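J.: With the input below, show me the fold.
(chains A, B, C and D)
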Protein chains: 2
Amino acid sequence: MKARTSDLSCKAMSPHRSRRRIPDATVARLPIYLQLLIEQLENEVANISSDELAALAAVNAAKVRKDLSYMGSYGTRGVGYDVEYLVYQIRRELGLDHEWSVVIVGAGHLGQALSGYGGFSERGYSIEGVFDIDDKKIDVAVGGVRVRHLDELPQVVAQRSVSIGVIATPASAAQDAADRLVKSGVTSILNFAPVVVNVPFGISVRRVDLSVELQIISYHEQRRLTAAAQLRAVNGDGSINATA
Amino acid sequence: MKARTSDLSCKAMSPHRSRRRIPDATVARLPIYLQLLIEQLENEVANISSDELAALAAVNAAKVRKDLSYMGSYGTRGVGYDVEYLVYQIRRELGLDHEWSVVIVGAGHLGQALSGYGGFSERGYSIEGVFDIDDKKIDVAVGGVRVRHLDELPQVVAQRSVSIGVIATPASAAQDAADRLVKSGVTSILNFAPVVVNVPFGISVRRVDLSVELQIISYHEQRRLTAAAQLRAVNGDGSINATA
DNA sequence: CGATGTGAAGACTTTCACAGCA
DNA sequence: TGCTGTGAAAGTCTTCACATCG
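T.: You can find the predicted model right below:
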């Protein structure tokens, strides 16, 4: 926010990535903008305003502009943003301008869903292996990938320079999966198991718990219901405001 | 924050839920505390301090205390929190003290993974149906639930008073799924499809995009790599600090 | 004129630090 | 004494509003 002196020189043709630290909240939105922009490209839309993009993403237009400005972005006043260039910039910022090798631990339903998930390969993630300890699951082809025994993990990680691992095991196996991933050399982990896994300093873990998401929803749903009930109880007037 | 006068009366036996609005950030953490606390109960741990819970959840202890205090919580100074009571309180706050009926639209890999996901039934979510439009998938039993045709959705939603719907379809089918859910009477939607779905005012949607999570990870991974590269380039000293 | 880029204000969240109670 | 509960400070994120520029 203060280091704004050498902007001009950077804009022209910066071979550097990540010129400044982008806020987490923005990083979490960039993939959404990216996806929407790619859809626009497919519809042959060449230019887009912050208002339009904001409407598509269901956010505030000022937020879009600020988010894009963190990348040292390149809109044209009075016109908007060049969709293709924006796509290029966001991809670069997110590191999607080269392929990422990914391994998945756990060949259950979730592991299968993930390995067959189109969104991954589309965005430059290449699934180099699906692993399990259950012999019944080994060698079965899952989403185009043969399931291997977990013992083969280190070998694959080293050979294909995998840096991202996905944990799709039951909770009970997650810590072991994490340990093995770390020992094999993976440095980032996406954890779908409903536990907190411990990793050494320097390894980053992101957790997505499907049931947590449902619980957040039911909290809001419950509030909605009690608000409605209160409205009925109090009486028909507007003294309590039942909004989303 | 100011309405703290009638606390005592409430604490004893409050039949009221949600005495005050809980910040979103806190709501997102309560399910995690809940899960950890349940694990503690299973290990026969009856009491826990904010420090201990914070360590388990990998967050700051003050945050834990503040989060719990929003529920008008009930710790004992010098001692800590009663685990069982905390579990009771969080469940109640999240609306997990009664069962929620849920329907899943989309019987692909993800729909199957979700319908078989143990975490749901454990936490009081009852999956009342899995729906698809693909005739090949209809009538197949998936995670203990028979897959039905999407046309049967309104009937099931009405009959089982379903208020939460999960979209596990491909992107192209998601808007239709959302429309049908809304028309059937569902008021909250958890959307796993990688699109923004439009819904009428008053319906709440929460989106979880698996590939967005990967993209956030690769952003951080990429920063890590370039930071390391810069370190090497500059030279071996500590002028640039490469942390996680 | 119309849309970007951005200071500044405001809202929300986290963290500190300590009073207060068991 | 030890740990909770919480004002207040610090930090982060969102939104406003408008100067600025194509």
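J.: wait, does the longest helix anywhere in chain A make contact with DNA strand C?
T.: Counting by DSSP state H, the longest helix found in chain A is helix A:210-234. No - Helix A:210-234 lies out of reach of DNA strand C by C-beta under 7 Å from any atom of the strand, never closer than 12.0 Å. Every residue, glycine included, has its C-beta placed from N, CA and C.
J.: Now find how far off-centre that helix is within its chain.
T.: 27 Å (C-alpha atoms, centre = their mean, to the nearest Å).
J.: hmm, who's touching that helix?
T.: Contact with helix A:210-234 is made by A:192, A:194, A:240, A:242, A:244, B:17-18, B:22, B:27-28, B:30-32, B:34, B:93-96, B:100, B:102, B:114, B:117, B:119-120, B:122-123, B:125, B:163-164, B:166, B:187-188, B:190, B:204, B:206, B:208, as judged by C-beta atoms under 8 Å, 6 or more residues apart in numbering or on different chains.
J.: Tally up the residues packed near A:Ser161, please.
T.: 10 (other C-beta atoms under 10 Å in any protein chain shown).
J.: Name the nearest residue to it, sequence neighbours excluded.
T.: Nearest residue to A:Ser161 in three dimensions, chain neighbours excluded: A:Ser101, at 6.1 Å (C-beta to C-beta, 6 or more residues apart in numbering or on different chains).
J.: would that neighbour count as being in a helix?
T.: No - using DSSP: H, G, I helix; E, B strand; the rest coil, the assignment for A:Ser101 is strand, not a helix.
J.: Double-check it against A:Gly165; I have them as touching.
T.: No - assessed by C-beta atoms under 8 Å, A:Ser101 is found out of contact with A:Gly165, at 10.0 Å.
J.: Of the two, which one has the most company?
T.: For A:Ser101 versus A:Gly165, the count of surrounding residues by other C-beta under 10 Å is larger for A:Gly165: 29 against 18.
J.: Give me the sheet partners of the helix or strand encompassing that one and which way each runs.
T.: A:Gly165 belongs to strand A:164-167 when assigned by DSSP states H and E. Within its sheet, strand A:164-167 is paired with strand A:100-105 (parallel), strand A:188-191 (parallel), according to DSSP bridges.
J.: a markdown table for the ones you listed, including mean pLDDT?
T.: Conversion of the strands paired with strand A:164-167 to a markdown table gives the following (pLDDT from 0 to 100):
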| stretch | mean pLDDT |
| --- | --- |
| strand A:100-105 | 97 |
| strand A:188-191 | 96 |
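J.: And those: which comes nearest DNA strand D?
T.: Nearest of these to DNA strand D, taken as C-beta to the nearest atom of the strand: strand A:188-191 at 19.0 Å.
J.: in that closest one, what's buried?
T.: For strand A:188-191, the buried set under the neighbour-count rule, 16 or more other C-beta atoms under 10 Å in any protein chain shown, comprises A:188-191.
J.: Other residues contacting it?
T.: A:163-167, A:174, A:178, A:181-182, A:197, A:199, A:203-208, B:213-214, B:217-218, B:220-221, B:224.
J.: just the buried members of those residues?
T.: Among the contacts of strand A:188-191, those buried by neighbour count (16+ other C-beta under 10 Å) are A:163-167, A:174, A:178, A:181-182, A:197, A:199, A:203-205, A:207-208, B:213-214, B:217-218, B:220-221, B:224.
J.: Get me the contact residues on chain A for DNA strand C.
T.: Within reach of DNA strand C by C-beta under 7 Å from any atom of the strand, chain A has these residues: A:4, A:7, A:49-51, A:61-62, A:65-66, A:68-69, A:73-81.
J.: Narrow those to those that are buried.
T.: A:49-50, A:65, A:68, A:73, A:75, A:80-81.
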